[in-house]
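# A structural model of the following input is requested.
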Amino acid sequence: VHYRGNTGIIVLDAVPLIVGLVFLPPLWAVVGCVISEIVVFATVHRQPPLKVFFNASSFAFATAVAAVVFREILGGQSPVSWRGWAAVVAAVCAKELITTCSFRIVTALHGQTAEKRTGSQVTTHLMFLAANICLAIVVLDALWFSLRATVPLVLVAALVIVAYRRYTRLTMRFASLQRQTDFSRPLGPANLEPSSMPV
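Next comes the predicted model:
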């Protein structure tokens, strides 16, 4: 998300995390998440190997903690029960907490100070976290009761992604035109012709 010159990344990773924790053994869920992280960071973001290794290791630890929390709270209950929803919320929040803490620790070890978030930034982050959890519950319930029910969800997600990419492209073009206009406005009245040299 581009806002006032800053770019924020919104990762809707609760859906694959919860689907993996429900339908796969915990070890395979962790392995699947690690493989997806390696593919994304190595091919899409083209990060250095050391950074890919750290991100994958951190994500593996966070996923393992989420799996333990999910299994402990769920017990022998159904994942689509009230207790299952509570387990989903706790697992996603535990993973988010581990990821945030590991980021803070690494930045502190490197002598960097993380940017302090304002109240509106924290509120926005919590809103996206709540949306992420709700989306995971909706997809889980749809997969549990009817596989066909996920087709409209996939179509809506595809439409949102396509629309947002087009919106982002138009926003970036508008920002470029705005910068060009702001740059050329002071040059308008200026005389750019070289002054005649006396002979």
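
# Three-state assignment for residue 47, please.
coil (DSSP: H, G, I helix; E, B strand; the rest coil).

# if I look at it, how far off is residue 56?
With the distance defined as CB to CB, to the nearest Å, residue 47 ends up 10 Å from residue 56. Backbone N, C-alpha and C define where each C-beta goes, glycine included.

# Residues that sit against both of the two, list them.
residue 41 (CB atoms under 8 Å, 6 or more residues apart in numbering).

# wait, residue 85 sits on residue 137?
Yes. In this structure residue 85 lies within contact range of residue 137 using CB atoms under 8 Å: 5.7 Å.

# Mind checking which of residue 47 and residue 56 has more residues around it?
residue 56 (20 against 16; other CB atoms under 10 Å).

# what is the rounded mean pLDDT of the helix or strand hosting that one?
Applying DSSP states H and E as the criterion places residue 56 in helix 49-74. Computed over helix 49-74, the mean pLDDT rounds to 88.

# List the buried residues in whichever helix or strand comes after it.
Next helix or strand after helix 49-74 toward the C-terminus (DSSP H and E): helix 82-109. Residues of helix 82-109 classed as buried by neighbour count (16 or more other CB atoms under 10 Å): 84-85, 87-92, 94-96, 98-99, 102.

# swap in stretch 35-55?
37, 38, 40, 41, 42, 47, 52, 55.

# Now render those residues as TSV, adding distance to residue 158.
Putting these into TSV (distance: CB to CB, whole Å) gives the following:
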residue	distance to residue 158
37	22
38	25
40	18
41	23
42	25
47	27
52	28
55	26
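
# Looking at the residues you listed, which is nearest residue 118?
residue 55 (26.3 Å; CB to CB).

# Now residue 79. Nearest residue, chain neighbours left out?
Among residues not flanking residue 79 along the chain, residue 22 sits closest, at 4.8 Å (CB to CB, 6 or more residues apart in numbering).

# what's the average pLDDT for the one helix or strand the one you found maps to?
Element membership of residue 22, judged by DSSP H and E, is helix 14-23. What helix 14-23 shows for mean pLDDT is 87.

# For residue 2, report the pLDDT, please.
At residue 2, the predicted lDDT confidence score is 53.

# Quick check, residue 135 in contact with residue 16.
No. Contact criterion CB under 8 Å: residue 135 and residue 16 do not qualify, at 11.0 Å.

# quick revisit: the helix holding residue 22: how far from the chain's middle?
Mean-position distance between helix 14-23 and its chain equals 16 Å (CA atoms, centre = their mean, to the nearest Å).

# Right, I'll leave it there.
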